[in-house]
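K.L.:
Sharing a model that was predicted from the sequence below.
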Amino acid sequence: MSYTVEISNRDFLEVLKSTKTTKKMGKHNLAIEEVEFHFSAEQLMITVVGSKRVISASGSGYWTTSISLLHYRALTKIPPIADPLIIEFCEKSSRLKIGTTSFRALK
């Protein structure tokens with residue numbers, strides 16, 4: 001099953017800015033930490049190291065997936081520019097696509 005969610009790029013950029021992590025965590029911790037994406041009831045919840053942010057979104061279905069914190073940090077360095085921003089999750093291939101960037105989902 002494949003899911004598509006549409007959100008405001010401005011809202012997503014605010015989440016990226018408010019959930020930045022530093023190198024002080026260490027490479028090992030950055031590699032094992034996960035960033036969770038959960039969509040339900042017209043809301044996309046992003047959880048980064050215990051910090052939860054909710055963005056209003058349009059789409060259908062209910063899904064949860066996660067990517068490594070290292071991949072998420074790559075988004076903070078080169079954020080997506082599309083507006084509205086399309087986020088796609090494919091359960092079959094276990095891929096999360098944010099804008100034009102695709103990640104291997106962890107769960």
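P.N.:
Good, I have the coordinates.

K.L.:
where are the low-confidence patches of this structure?
P.N.:
22-25, 27 (pLDDT under 70).

K.L.:
Kindly recompute the last result at 80.
P.N.:
Low-confidence segments of the chain (pLDDT under 80): 20-31, 107.

K.L.:
Tell me which residue is most central in it.
P.N.:
Phe37 (5.3 Å; C-alpha atoms, centre = their mean).

K.L.:
After the strand or helix carrying that one, which helix or strand is next?
P.N.:
Element membership of Phe37, judged by DSSP states H and E, is strand 34-40. Using DSSP H and E, the next helix or strand after strand 34-40 towards the C-terminus is strand 43-48.

K.L.:
helices or strands next to whatever helix or strand comes next after that following strand in the packing?
P.N.:
The element immediately downstream of strand 43-48 (helix or strand, assigned by DSSP H and E) is strand 51-56. Judged by 3 or more C-beta pairs under 8 Å, 6 or more residues apart in numbering; DSSP states H and E, the packing partners of strand 51-56 are helix 9-18, strand 43-48. Just so you know, the C-beta spots here come from the backbone N, C-alpha and C atoms, and that holds for glycine as well.

K.L.:
Direction included, what does strand 51-56 pair against?
P.N.:
If you go by DSSP bridges, strand 51-56 pairs up with strand 43-48 (antiparallel).

K.L.:
Any idea how far the partner strand is from the middle of the chain?
P.N.:
In terms of C-alpha atoms, centre = their mean, to the nearest Å, the centre of strand 43-48 is set 7 Å apart from its chain centre.

K.L.:
Alright, I will stop here.
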